[in-house]
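Participant: using only what follows, build the 3D model:
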Amino acid sequence: MKSILVYGDSLVWGRNASQKDRHSFEDRWPNVIASSLKDVTVWEAGLGGRTTDLEFAGRPGRNSVKHLPVAVMKANRLLIATWLYVFHPIKLRTIGTTQKNTQQLKPFADLLQPVFKPL
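Facilitator: Residues are numbered from 1 along each chain as shown. Down below sits the predicted model:
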């Protein structure tokens, strides 16, 4: 069985902005993709407020540097890994620039490279 890991923040988690809750399982985009694939498992690993490498008091699981390896271990035969973050303007003022946040994604590429298996 091949796997696709979809990792990220509230967009992956399925945030429904108009209702201020979560979209139903079958309406979340990773699961829509999964429903059209055969012999592939799609692992949905989203969490609202997740960042690249920052800690927030009282909000566990947001630091991707610490938590991506756990998600990768769940996906057995990893075919594709994708992550998606929204760089919110409010966070940019307090955390850094989009360029800095983009540079912070390099460790994830380094982490994932040895995980991919030949088809």
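Participant: for this structure, what spans make up the helices?
Facilitator: Ranges of helices in the chain, per DSSP state H, are 10-13, 29-35, 64-74, 89-95, 98-103, 106-112.
Participant: state the mean pLDDT of the fifth one.
Facilitator: So that's helix 98-103. The average pLDDT within helix 98-103 is 64.
Participant: what residues of stretch 32-43 count as buried?
Facilitator: Going by neighbour count (16 or more other Cβ atoms under 10 Å), the buried part of stretch 32-43 is 34, 41-43. C-beta: built from backbone N, CA, C; applies to glycine.
Participant: typo on my end, stretch 17-33
Facilitator: Buried residues in stretch 17-33, counting neighbours by 16+ other Cβ under 10 Å, are found at 28-31.
Participant: could you do stretch 45-52 as well?
Facilitator: 45-47, 50-52.
Participant: ok, of the helices of the chain, where does mean pLDDT dip lowest?
Facilitator: Taking the mean pLDDT of the helices of the chain, helix 89-95 comes last: a mean of 50.
Participant: list the contacts of Val32.
Facilitator: Glu26 (Cβ atoms under 8 Å, 6 or more residues apart in numbering).
Participant: once you drop chain neighbours, what's closest to Trp13?
Facilitator: Spatial nearest neighbour of Trp13, chain neighbours left out: Gly46 (3.4 Å); criterion: Cβ to Cβ, 6 or more residues apart in numbering.
Participant: how close does that neighbour sit to Asp39?
Facilitator: 23 Å (Cβ to Cβ, to the nearest Å).
Participant: next: Phe25.
Facilitator: 20 Å.
Participant: number of residues surrounding Arg13?
Facilitator: One thing to correct before we go on: residue 13 is Trp, not Arg. The number of residues packed around Trp13, counting by other Cβ atoms under 10 Å, is 18.
Participant: check contacts around it.
Facilitator: Applying Cβ under 8 Å, 6+ apart, the residues near Trp13 are 22, 28, 46-48.
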